[in-house]
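[1] sequence first, then the predicted structure:
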Amino acid sequence: MSLLEVSGLGISFGGLRAVEDVSFSVSPGEIVSVIGPNGAGKTTLFNMISGIYRPGRGSVRLNGQDVTATAPHLLARMGLSRTFQNLQIFQEMTVLDNVLAGYHLTERGPVWADLLALPSMRRRAAEVRRGARDLLARVRLDKAAEQEAGSLSYGALKRLEIARALALGPKILLLDEPAAGCNAVETEEIDHLIAELAASGIAILLVEHDMKLVMRISSHIVVLDHGQKIAEGDPATVSRNPAVIAAYLGTDAPTEDPAHADG
Ligand SMILES: Nc1ncnc2c1ncn2[C@@H]1O[C@H](COP(=O)(O)OP(=O)(O)OP(=O)(O)O)[C@@H](O)[C@H]1O
C-alpha cells in the first residue's frame, strides 16, 4: 500500500483554479518529484498536502488514513514533515538548538515535570540531545553543532533545515526546493543526502527546479502545468513527453529543458 495517496486534489483562489484534480501516490523509499513551470501549482499542492491550505476538492491519505486538511503539527506527529522554499532557520541560535527546536512538536511531557526537573525529564532531554546530534551527523553538520547557524554556508543551512524536519522521525518528507540557491557542490551534497534518506526507507516528495537533480534522483515524476497534471512517469519517459517539453518551452521558467537534462 502507498504511504501517501493524493486523490483528485484541487483548490481555487477567487476565479483561478490553482490546482485541479491532481492524483498520485508515494511509497516508502520512493523519491517522487513534482515539476512544472513557474506558477504551475507545485507549492500550492505541497501546502494542501501538508495541511497549510484546506483543499477545495479531493483527499489526502497517509498510511491509509484520511488526513485531508489536518493541521501541520498533527501531520508531523503522524509522520509527515516538510521544509519550506524560504529557509526557516533561527540564524542567531546554534546549529544544535535549531535541530532541538524541531523536537518541540513531539514533546508532550507536562510542564510541571519539566519545572521540577524530574529525573525522567532530564533523561528525556539527554536522549533528545543525543538524537539531535545523530541527525546532525546524518546531514554532515556534527562538527558545526555549537556554531551559530548564521555562520553556515547556504548549502549547509539547507541541510540543517532537513535535519530539523527529520527530528520528528517522519515516514514521508516533503522538500520544497531543497537545492534552490545552492552551487554545484552543495547541490550534489543535497542529492546524496536525499538518496540516503530514501534508501533508509523514508518516502520523499520533492519540488525542485534543478532538472539535473530531479532527473538524477527521482523514481517517479509528476508534471504540473496551469494546475493540472499533464504527465507522470519515470525520468526518461517524462523527459521525452511532448506535452512536458511544450509546457517548458512555452515559458522562461525552467533551469533547463527537461528533455536535455540527463547529462
Ligand atoms: N495564496 C494565494 N492566493 C492567490 N493566488 C495564489 C495563492 N498561492 C498561489 N496562488 C496562485 O496559484 C498559482 C500556483 O502558484 P504556486 O506558487 O503553487 O506555483 P508554483 O508551481 O509553486 O510556482 P513556482 O515554481 O514559481 O514556485 C499561481 O497562479 C499563483 O499566483
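    Sure thing, it's come through.

[2] and the residue nearest to Gly79 when sequence neighbours are not counted, what does it touch?
    Nearest residue to Gly79 in three dimensions, chain neighbours excluded: Lys171, at 3.7 Å (CB to CB, 6 or more residues apart in numbering). Backbone N, C-alpha and C define where each C-beta goes, glycine included. Applying CB atoms under 8 Å, 6 or more residues apart in numbering to Lys171 gives the contacts 3, 28, 63, 79-80, 202-203.

[3] try it again with 10 Å
    Going by CB atoms under 10 Å, 6 or more residues apart in numbering, Lys171 touches 3-4, 28, 62-63, 78-81, 201-203.

[4] same check, this time on Asp134
    Asp134 makes contact with 99, 142, 163, 166, according to CB under 10 Å, 6+ apart.

[5] could you measure from it over to the ligand?
    Distance, Asp134 to the ligand, by CB to the nearest ligand atom, to the nearest Å: 33 Å.

[6] what are the buried residues along the host helix or strand of that residue?
    Using DSSP states H and E, Asp134 sits in helix 119-138. Under the neighbour-count criterion of 16 or more other CB atoms under 10 Å, helix 119-138 has 121, 124-125, 128, 131-132, 135-136, 138 buried.

[7] ok, now stretch 151-166?
    Buried residues in stretch 151-166 (16+ other CB under 10 Å): 152, 155-166.

[8] from the residues you listed, which land in strands?
    Assignment to strands by DSSP state E places none of the buried residues of stretch 151-166 there.

[9] just those that are near the ligand?
    Near the ligand, judged by CB under 6 Å from any ligand atom, there are no entries from the buried residues of stretch 151-166.

[10] now, among the residues you listed, which is nearest to Gly10?
    Distances from Gly10 to the buried residues of stretch 151-166, taken as CB to CB, are shortest for Ala165 (26.3 Å).

[11] wait, the closest one touches Leu175, no?
    Yes - with contact defined as CB atoms under 10 Å, Ala165 and Leu175 form a contacting pair (8.1 Å).

[12] now do the same for whichever residue of the stretch 51-200 of the chain sits closest to the ligand: its pLDDT.
    In the stretch 51-200 of the chain, no residue comes nearer to the ligand than Gln85, which is 6.6 Å away by CB to the nearest ligand atom. What the model reports for Gln85 is a pLDDT of 76.

[13] what is the subsequent helix or strand relative to the host helix or strand of Leu213?
    Take DSSP H and E as the rule and Leu213 turns out to sit in helix 211-217. Where DSSP H and E defines the elements, the next helix or strand beyond helix 211-217 is strand 220-225.

[14] so how far is the following helix or strand past that next one off the chain centroid?
    Per DSSP H and E, the first helix or strand lying C-terminal to strand 220-225 is strand 228-233. Distance, stretch centre to chain centre, for strand 228-233: 20 Å (CA atoms, centre = their mean, to the nearest Å).

[15] listing partners with orientation, what would you give for strand 228-233?
    Strand 228-233 has its sheet partners listed here by DSSP bridges as strand 220-225 (antiparallel).

[16] please determine whether the strand it pairs with lies in contact with the ligand.
    No - using CB under 6 Å from any ligand atom, we find that strand 220-225 stays clear of the ligand, coming within 6.5 Å at best.

[17] stretch 5-19 too?
    Yes - under the criterion of CB under 6 Å from any ligand atom, stretch 5-19 makes contact with the ligand via 13, 16, 18.

[18] flag the shaky bits of the stretch 51-200 of the chain, pLDDT-wise.
    Low-confidence segments of the stretch 51-200 of the chain (pLDDT under 70): 105-118.

[19] put the buried members of the residues of stretch 5-19 next to the ligand into a ChimeraX selection.
    Of the residues of stretch 5-19 next to the ligand, the buried ones go into a single ChimeraX selection, burial set by 16+ other CB under 10 Å:
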select :18
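
[20] just the closest of the residues of stretch 5-19 next to the ligand to Gly39, please.
    Using CB to CB, Ala18 comes nearest to Gly39 of the residues of stretch 5-19 next to the ligand, at 8.6 Å.

[21] done for today, thanks.
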